[in-house]
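Asker: after the sequence you'll find the predicted model.
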Amino acid sequence: MARATVNYELVVYDELPPPLPRTGGKSILNGQLSTIEKNEQAWGKPVRIGLYSQGTAATAAKNVLQQRFGRNPAVSGWKFYTRPVPVDTSPEAEYNRGLFAVFTPAAIVEGAMEAHQAAEKLRLEELRLAREARAAEDDEDEDEDEGDEEDDEDEDG
């Protein structure tokens, strides 16, 4: 697997490049999970569904799946994990980060999905309110900074 690269060159654009069209959540992971659901031999066993060179990408993917399918198997039968996966068998091998899924349909509890969806809705609302509060604080800080500049002009003048 190729190592992730980052380029920190400063590049000035006249305007932002246009965004890519949204694909409506057509993640390859959806297909991976569907394949596991159809294969009873894989049920209850950890199945690696992704391998990432960056642990943060694996964790981000896990978080998205947990938001969609629940944080415990009672919601939809899914549990997601990230674990180190060695690149080779040598003792000093580097590691990638594996994203694993365990599907246990027998663990599903009636009503757990509805509770999960309600909790997610509440979590998103709390995040929205926190963002708005931070934005309001930032606006207040900018207003205070502008007032300081006006005070400086009064002192100079």
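Answerer: That came through fine.

Asker: going by C-alpha atoms from here, please, whenever you check contacts or count neighbours.
Answerer: Fine.

Asker: any idea how far residue 76 lies from residue 26?
Answerer: According to C-alpha to C-alpha, to the nearest Å, residue 76 and residue 26 sit 19 Å apart.

Asker: which one's more surrounded, the two?
Answerer: Neighbours were counted for residue 76 and for residue 26 using other C-alpha atoms under 10 Å; residue 76 has more, 22 against 9.

Asker: now the residue positioned nearest the centre of the chain: which helix or strand?
Answerer: Here the mean C-alpha position of the chain is nearest to the C-alpha of residue 60 (C-alpha atoms, centre = their mean), at a distance of 3.0 Å. Counting by DSSP states H and E, the element that carries residue 60 is helix 55-69.

Asker: which outside residues touch the helix or strand following that helix?
Answerer: Past helix 55-69, heading to the C-terminal end, the next element that is a helix or strand (DSSP H and E) is helix 73-76. The contact list for helix 73-76 (C-alpha atoms under 8 Å, 6 or more residues apart in numbering) reads 69-70, 79, 103-105, 107-109, 111-113, 116.

Asker: what pLDDT, on average, does helix 73-76 get?
Answerer: Helix 73-76 shows a mean pLDDT of 94.

Asker: tell me the SS of residue 93?
Answerer: What DSSP: H, G, I helix; E, B strand; the rest coil gives for residue 93 is coil.

Asker: ok so, going back, other SSEs contacting the helix holding residue 60?
Answerer: With contacts taken as 3 or more C-alpha pairs under 8 Å, 6 or more residues apart in numbering; DSSP states H and E, helix 55-69 sits against strand 47-52, strand 78-86, strand 95-103.
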